Structures are given as structure tokens and as C-alpha cells.
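> when you get a sec, could you give me coordinates for this:
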Amino acid sequence: MKFLKTSLVIVSSVGLIFLGACSGGNQAANSESATKTEPVAKTATTETSTKTEPVAKTGEAHNENDGHGHDQKGGHSNSGEKSSSQVVNSGKYHLEFKSDIEKDSTHLDISVHGEQDQAITDAKLTAQVQLPDGTKKTLQVPYNTEEKQYTANLAGTATGEYKVVIQTDVKGEKFNGRFTFKR
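The predicted structure follows:
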């Protein structure tokens with residue numbers, strides 16, 4: 001009887017292993033289509049790199065494909081990459097987070113949108129940032145009328161992964177967005 005139970009457990013385990021191997025990694029895609037959910041956050045990473053870049057001479061045309069990143073205002077990013085944004089949907093709101101790595105700090109840009117993708121300018125935002133060494137910083141994130149988004153500057157140059165929680169209050173409705181970026 002003991003041999004029969006042991007054999008049944010082994011055969012069942014082997015069957016599950018083969019079943020898992022046959023799915024070929026489509027399990028995540030199948031579960032998403034079955035539950036019809038959208039991803040909560042898109043995670044983007046930005047890493048700094050050191051490299052030599054060609055410099056445009058006076059009178060030469062500046063090119064988007066010249067080996068370094070460009071921001072929307074025509075400036076250059078120090079990371080060597082174009083930064084990408086991360087979006088979190090929460091009910092009728094969505095938060096868009098973008099980190100721009102600068103020489104001695106990181107510039108945080110957050111946009112808050114409501115129904116019909118209308119910009120919200122009167123929300124109260126607080127950023128709780130966990131630094132790569134585990135310490136935490138809290139930043140108030142005011143609305144910047146010139147940039148038409150919420151902005152904050154995170155001082156420091158520690159290399160590693162930063163975890164950010166944006167706490168948002170829109171006329172009493174509170175929600176959070178979780179983001180990460182690498183420096």
C-alpha cells in the first residue's frame with residue numbers, strides 16, 4: 001500500500017512537470033487573456049553608462065541617432081538612453097512616472113490624468129522613495145505649471161534600483177502607484 005501511494009505521488013509529479021514544460025511559458029499570456037486584466041505597471045529601467053560621444057561641430061546638424069538620449073525639450077540625458085515612462089491605472093485615474101537621471105540627482109516627473117485622459121492639476125502628491133541602500137526619503141511633489149506636470153528632484157547618486165510609491169489625493173480620492181527605476 002505504501003509503495004502504491006509513493007508511486008502515485010511520483011507519477012503525478014512527473015505528469016505535472018511535463019504539463020508545465022509543454023505550456024512553453026505561455027502560462028502568463030493565457031492567464032491574462034482568461035481574466036481580461038491589464039498590467040498594473042510597466043517597469044522601465046534606466047542605467048547610467050560611461051562612453052565617449054562624438055560632439056557636433058558648430059554648423060553641423062544635430063541628429064536623434066547620435067549615440068545619446070534626448071529629452072522632449074531637445075536636451076540630452078546623461079544616461080545615454082532615452083528615458084521611458086511607466087503608467088499605473090487606478091480606477092478612473094492613471095499616473096505616468098518618468099525619471100530623468102542627471103549628474104548629481106534624479107528629476108522625477110509625474111502626470112495625473114482622469115476620465116477622458118484629462119490632466120489633473122490640483123492633486124496632492126507625495127513620493128516615498130526607497131534608495132538602493134534601503135533608506136527611505138519622502139518628497140512632496142508640487143505641480144509645475146511650466147512643465148505642466150508634477151515634479152520633484154531626488155538628490156543623490158547611489159547606483160542601484162530605486163523603488164518609488166506615489167501617494168495621490170484627488171479631492172479626497174486616494175490611490176497609490178508603485179514604480180521602479182535604476183541609476
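> may I see the buried residues of stretch 86-105?
Going by neighbour count (16 or more other Cβ atoms under 10 Å), the buried part of stretch 86-105 is 86, 87, 88, 93, 94, 95, 96, 97, 98, 99, 100, 101. (Each C-beta comes from the backbone N, C-alpha and C, glycine too.)
> make JSON lines out of these and add secondary structure.
Listed next are the buried residues of stretch 86-105 as JSON lines, based on DSSP: H, G, I helix; E, B strand; the rest coil:
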{"residue": "86", "secondary structure": "strand"}
{"residue": "87", "secondary structure": "strand"}
{"residue": "88", "secondary structure": "strand"}
{"residue": "93", "secondary structure": "strand"}
{"residue": "94", "secondary structure": "strand"}
{"residue": "95", "secondary structure": "strand"}
{"residue": "96", "secondary structure": "strand"}
{"residue": "97", "secondary structure": "strand"}
{"residue": "98", "secondary structure": "strand"}
{"residue": "99", "secondary structure": "strand"}
{"residue": "100", "secondary structure": "strand"}
{"residue": "101", "secondary structure": "strand"}
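> which of those residues sits closest to residue 113?
Proximity of the buried residues of stretch 86-105 to residue 113 (Cβ to Cβ) peaks at residue 94, which lies at 5.3 Å.
> does the closest one touch residue 88 like I think?
Yes. Using Cβ atoms under 8 Å, residue 94 is in contact with residue 88, at 6.5 Å.
> and the buried residues of stretch 86-105, which two are furthest apart?
It's 93 and 101 that sit farthest apart of those, by Cβ to Cβ, at 26.8 Å.
> and the helices in the chain?
Assigned helices in the chain, in chain order: 2-23, 27-35 (criterion: DSSP state H).
> ranking these by mean pLDDT, which is last?
For the helices of the chain, mean pLDDT drops lowest on helix 27-35, to a mean of 42.
> okay, now the unreliable bits of the chain?
Residues of the chain that meet the criterion pLDDT under 70 lie in 14-16, 18-83.
> in it, which spans are strands?
86-90, 93-101, 105-113, 124-130, 136-141, 143-144, 149-155, 161-170, 173-182 (DSSP state E).
> ok, of the buried residues of stretch 86-105, which one's closest to residue 183?
residue 101 (5.6 Å).
> pretty sure that closest one sits against residue 183.
Yes. Counting by Cβ under 8 Å, residue 101 does reach residue 183; the two are 5.6 Å apart.
> report the beta-bridge partners for residue 161.
residue 182 (DSSP bridges).
> now it: how far from residue 94?
From residue 161 across to residue 94, the span is 23 Å (Cβ to Cβ, to the nearest Å).
> ok, now residue 1?
59 Å.
> cool, and residue 128?
19 Å.
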